[in-house]
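S.K.: pasting the structure only:
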Ligand SMILES: Nc1ncnc2c1ncn2[C@@H]1O[C@H](COP(=O)(O)OS(=O)(=O)O)[C@@H](OP(=O)(O)O)[C@H]1O
């Protein structure tokens, strides 16, 4: 039986998690007052959002770099569309940082002034699929997939929160000229975190000294974040969102090419066929495995 509707809310053609979606908030987002120095991290789910949240928070807050602040990363960089825990976005002092999974057509209109900046992180969709599969098994708010095959069908049908991966990335990319947007690849960040941090800070016009760069890079590694309670979502997953199982964690593996351990040859070939038909004229490159470049 297809239980999708019990878990997902369709807002103007885009699926969100029903239990956390707030329709009133969503209806008002188009008019959300964007400030010139706002920064938005935009991602399809499971593409490196929390990683970018951590990097931006480290770039912007000295107290985060030197570990004197106690605010969690997620409170520094709240999700635009969730409005949790409180609708405290608007009142924060500038510069405000946000995260969002929204498609380009639901983004606040004010972003089109091209002043506020958008950092779009994308990841190869086979690793997104596998990360999402594990996350769905772990969380009460998401429908537990029977197996990878079941989840892969939903993912390729766009019947998951975030809707269709292909539409998300294509939409933002094809409309990139309407925004002030930088596209960053998860796999490049993985390959060379230092260069990625420099690229991000330069786009944000936040020049860091050598010592700051070191501090950001050190605290944004997977290994550090996994054990940093301010950065790894474990608290919020436990208390606010609800785990289905104690097994697994939000920062699960953080690798490139984990799909190879999960997809069958047939599933992989099917995925490739669909990917090629949907993305054949798409200019951004993808890295499927760091060992195979
Ligand atoms: N520092 C760092 N380095 C490498 N990888 C990292 C890092 N931080 C988070 N991650 C991995 O990102 C995956 C979670 O993606 P998101 O943060 O976008 O998830 S969410 O959409 O906000 O729920 C999830 O991927 P998987 O491990 O493959 O499941 C996280 O482990």
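M.R.: Structure received. These numbers were taken from a predicted model, which means no experiment stands behind them. Numbers count the residues shown, from 1 in each chain.
S.K.: Need the residues that contact the strand or helix carrying residue 64.
M.R.: Residue 64 belongs to helix 62-65 when elements are defined using DSSP states H and E. Around helix 62-65, the neighbours that count as contacts under C-beta atoms under 8 Å, 6 or more residues apart in numbering are 57, 58, 69, 71, 73, 76, 212, 215, 216, 219. Just so you know, the C-beta spots here come from the backbone N, C-alpha and C atoms, and that holds for glycine as well.
S.K.: Show me the strands in the stretch 151-293 of the chain, by range?
M.R.: Counting by DSSP state E, counting those that start in this stretch, the stretch 151-293 of the chain has strands at residues 180-185.
S.K.: In it, which residue sits nearest the ligand?
M.R.: residue 254 (3.0 Å; C-beta to the nearest ligand atom).
S.K.: still on that earlier bit, show the average pLDDT along the following helix or strand past the helix holding residue 64.
M.R.: Under the assignment DSSP H and E, the closest C-terminal helix or strand after helix 62-65 is helix 73-76. The average pLDDT for helix 73-76 rounds to 76.
S.K.: And for stretch 164-171?
M.R.: The pLDDT scores in stretch 164-171 average 98.
S.K.: Could you do stretch 118-126 as well?
M.R.: For stretch 118-126, mean pLDDT rounds to 98.
S.K.: and if you look at stretch 13-31?
M.R.: 91.
S.K.: Name the residues that touch that stretch?
M.R.: 6-9, 11, 80-84, 87, 101-103, 106-109, 141-142, 158-163, 241.
S.K.: can you check stretch 73-82 too?
M.R.: 16, 20-22, 25-26, 29, 32, 40-41, 50, 53-54, 56-57, 60-61, 64, 84-85, 88-89, 97-102, 108, 230-231, 233, 236.
S.K.: go on, stretch 277-287?
M.R.: Contacts for stretch 277-287 (C-beta under 8 Å, 6+ apart): 122, 124-125, 166, 169-170, 173, 183, 185, 187-188, 191, 256, 293.
S.K.: I'd say the residue of the stretch 151-293 of the chain closest to the ligand and residue 222 touch.
M.R.: Yes: the pair residue 254 / residue 222 is scored as a contact, 3.7 Å apart, by C-beta atoms under 8 Å.
S.K.: Identify the contacts common to those two.
M.R.: residue 51.
S.K.: Tell me the pLDDT of the residue most central in space within the chain.
M.R.: For the chain, the residue nearest the mean C-alpha position is residue 49 (3.0 Å; C-alpha atoms, centre = their mean). Note on residue 49: pLDDT of 96.
S.K.: cool, residue 210 as well?
M.R.: 96.
S.K.: if I look at it, how far off is residue 170?
M.R.: 38 Å (C-beta to C-beta, to the nearest Å).
S.K.: neighbour-wise, which of the two wins?
M.R.: Just comparing residue 210 and residue 170: by other C-beta atoms under 10 Å the higher neighbour count belongs to residue 170, 18 against 7.
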